[in-house]
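Q: here is the input, now give the coordinates:
(chains A, B, C and D)
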Protein chains: 2
Amino acid sequence: MREEASESMQDYLKNIYLIIRERGGSVSTSELAKKMRVSPPTVTSMLVKLGERKFVKYEKYKGVKLAKKGEIIALEVLRHHRLIETYLVEHLDYDWSEVHEEADILEHHISEKMELRIANALGNPKFDPHGAPIPSADLSSIAKDETTRLGEHISGDIVVIERVREREKEELQYLARIGMVPGKQVEVESVAPFGMVTLTNENGTHSLPKEIAMSIHVKKI
Amino acid sequence: MREEASESMQDYLKNIYLIIRERGGSVSTSELAKKMRVSPPTVTSMLVKLGERKFVKYEKYKGVKLAKKGEIIALEVLRHHRLIETYLVEHLDYDWSEVHEEADILEHHISEKMELRIANALGNPKFDPHGAPIPSADLSSIAKDETTRLGEHISGDIVVIERVREREKEELQYLARIGMVPGKQVEVESVAPFGMVTLTNENGTHSLPKEIAMSIHVKKI
DNA sequence: TAACTTTATTAGGCCTGTCTAAATATATAT
DNA sequence: ATATATATTTAGACAGGCCTAATAAAGTTA
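A: You can find the predicted model right below:
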C-alpha cells in the first residue's frame, strides 16, 4: 500500500494525520507548510496531487482531510516510525529523546518483512518510548488517547506523565534531564497568566512554557 | 562525507567500487548501465557529474575509476550494507540469502550513530554473512581477498567455501538449499568445456553453470 | 584500410518536488 | 461595509535522475 505513495507523499499524509489526530478538524496549507518546512505553494501543489490520487479530500481554500487510502498509508508509516523508535531504545541503546530523527527517515525504507521482525523482537508493543500508541499490524486500530495535557491542568493537580510528544531533540533532552519522562509523577504548582506552568517532581521545581506543557500528556490521579 | 553525494550517486560509486575491486582496471559505461539497470546515456551523464565533483576520474570513451573522495563514500556505503546484512541475520532472524535487498536500501539511510551502534551490537565484525569483508570504521582498511573462485578450479580440487557473492535472492536461496554456503567443503568433480561445473559436497552431487561458480569464493585445501 | 559493428555520447524531453513572485480569495477590523 | 491584512493559489522556473532517438567514436574484420 505504502509503495503507492512516494516518500514525500507519505510524509505529507503522516503529518496531516498527526495534526488532525491532535486536534480534529482539517489542516490548512500554512500549517502543513510550517510543520514540513516547505513553502505554502509547495504544499498546495502536493495537496492537489494527493487529492487527484484520492489520498486526501482537498478543496481549494478549505483545508485538507485524509481519505481512507491516505489514512491507511499514514498509519502504516506511523507504525513504522514508532516501532523503529521503540527498537532503537530497546535494542540499540538509544535514549528516547534521540530516536525521532532516525525514525523519521527509516520509516520510509523498511520492508514489510522487517516491520514484522522488529515488531516480533519487541513483543508487539502497543506504545513507543514516548508513550505514543503504535497502530496495530493490520492498521485497523490505534490505542485511543485517554490523556490530558499537562498545560491544561490547574494548580494542585497531581498527574502521572503518560507520554511526551515529538519535539526538537534538544527540548526532549531537557525534559528528560529534569525528570519529565513517561511514568513520573508531577504536581502542578501554579499556572501563570502569561503562559508559564510551574511544576514539582522528584527532581525539584521547574517552570515550563505552556506550549511545552501542552506536549506532555498526563493522567490525573 | 556520504551526505555530499545523493543516494543515487552513492549507488554509482558503490557499484564502480565493486566492479573494480572484482577485477581491477576501469569500468565501462555499458557495464555500469547493466549492473545498475539504467540506460547508458543515464550513466554517461552521471559520470560527468561525478567527475565534475571529483568523486571519480572519468574520461570520455575511456571508462571510469574512483577518485579518493569517491572511494571513501563507496567504502562507507559498503560498510553500512554489510553491517546491516550481518545485523539482520544475527539479530532479526533473516536468512543470509534474503538480506541483500533490504541492505541495498537501508545502506543509504542509517546515521553514523546507528552504524556505530549496529557495529557494537555485532562486536565489530570483519566479515558479513556472505563472507564478504566489511570496511573498517575509519574506512582505512578492508580485508584483502585471498580467495579463488570455485569456477577457476580443476577436477579433483577440494575447497572450502569462504563467501558467496551477491546475486539474485533466488539464486542464493538455491545455493543455500544445496549446501553451498560459507564454511562448507566441496570437491570439484568435473569441469565441462561448455561452462558447467560438477561438484560434490555433503549434500551430494550438483552441477552449476560456470557464471555461478565464479561467484563462489573458496580456498583450496 | 575501408566497411561494418559495437559502444558511448549528445540532444532533447519528462516527472517529481521544490522555490519565488504575482495574483486572488478569505478573514479581520474600523 | 469597506479597507486592510493574511492566507492561499497560480504562474513560471529549476535541479535531479531518468528516458529515447540520433550522432559519433572506437573497435573489428575482411
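
Q: SS state for residue A:218?
A: What DSSP: H, G, I helix; E, B strand; the rest coil gives for residue A:218 is strand.

Q: so how far is the helix or strand where residue A:187 lies off the chain centroid?
A: Using DSSP states H and E, residue A:187 falls within strand A:185-192. Mean-position distance between strand A:185-192 and its chain equals 24 Å (Cα atoms, centre = their mean, to the nearest Å).

Q: swap in stretch A:3-21?
A: Centroid displacement of stretch A:3-21 relative to its chain, using Cα atoms, centre = their mean, is 13 Å.

Q: can you check stretch A:120-140 too?
A: Distance of stretch A:120-140 from the chain centroid (Cα atoms, centre = their mean) equals 13 Å.

Q: where do the strands sit along chain A?
A: Ranges of strands in chain A, per DSSP state E, are A:56-58, A:64-66, A:148-149, A:158-164, A:185-192, A:196-201, A:204-209, A:216-220.

Q: so which of those gets nearest DNA strand C?
A: strand A:56-58 (13.3 Å; Cβ to the nearest atom of the strand). Quick note: C-beta positions are derived from backbone N, CA and C, even for glycine.

Q: which secondary structure elements does the closest one sit against?
A: In terms of contacts (3 or more Cβ pairs under 8 Å, 6 or more residues apart in numbering or on different chains; DSSP states H and E), strand A:56-58 is packed against helix A:40-52, strand A:64-66.

Q: show me what the last one is packed against.
A: Judged by 3+ Cβ pairs under 8 Å, 6+ apart, the packing partners of strand A:64-66 are helix A:7-23, helix A:40-52, strand A:56-58.

Q: give me whichever of the ones you listed is most buried.
A: Mean neighbours per residue, mean count of other Cβ atoms under 10 Å in any protein chain shown, is largest over the helices and strands packed on strand A:64-66 for strand A:56-58, with a mean of 22.

Q: so who does residue A:73 touch?
A: Residue A:73 makes contact with A:1, A:2, A:4, A:5, A:9, A:10, A:13, A:55, according to Cβ atoms under 8 Å, 6 or more residues apart in numbering or on different chains.

Q: tell me how far it lies from residue B:108.
A: Per Cβ to Cβ, to the nearest Å, residue A:73 is found 22 Å from residue B:108.

Q: looking at stretch A:7-16 now, give me its mean pLDDT.
A: Averaging pLDDT along stretch A:7-16 yields 98.

Q: quick one: it near chain B?
A: No. Taking Cβ under 8 Å from any Cβ of the partner chain as the criterion, stretch A:7-16 and chain B are apart, separated by no less than 10.3 Å.

Q: any part of that stretch near DNA strand C?
A: Yes. Applying Cβ under 7 Å from any atom of the strand, one finds stretch A:7-16 touching DNA strand C at A:7, A:8, A:9.

Q: isn't the second one up against residue A:46?
A: Yes. With contact taken as Cβ atoms under 8 Å, residue A:8 and residue A:46 are classed as touching, separated by 7.3 Å.

Q: what does chain A put close to DNA strand C?
A: For chain A, the contact set with DNA strand C under Cβ under 7 Å from any atom of the strand comprises A:6-9, A:37-39, A:41-42, A:45-46, A:49, A:61.

Q: and with 6 Å instead?
A: Remark: the part of chain A in contact with DNA strand C comprises A:6, A:8, A:9, A:38, A:39, A:41, A:42, A:45, A:46, A:61, using Cβ under 6 Å from any atom of the strand.

Q: and DNA strand D, which of those contact it?
A: Residues of the residues of chain A next to DNA strand C in contact with DNA strand D (Cβ under 6 Å from any atom of the strand): A:41, A:61.

Q: nearest to DNA strand C: which residue in chain A?
A: Closest point on chain A to DNA strand C, by Cβ to the nearest atom of the strand, is residue A:6, at 2.9 Å.

Q: what is the burial count for that residue?
A: Neighbour count for residue A:6, taken as other Cβ atoms under 10 Å in any protein chain shown: 12.

Q: in contact with the nearest residue to residue A:94 once chain neighbours are set aside, which residues are there?
A: In space, residue A:94 comes closest to residue A:88 once its chain neighbours are excluded; the distance is 4.0 Å by Cβ to Cβ, 6 or more residues apart in numbering or on different chains. Applying Cβ under 8 Å, 6+ apart, we find residue A:88 in contact with A:94, A:99, A:102, A:103, B:114, B:117.

Q: equivalent analysis for residue A:80, please.
A: Counting by Cβ under 8 Å, 6+ apart, the residues that residue A:80 touches are A:103, A:106, A:107, A:108, A:110, A:115.
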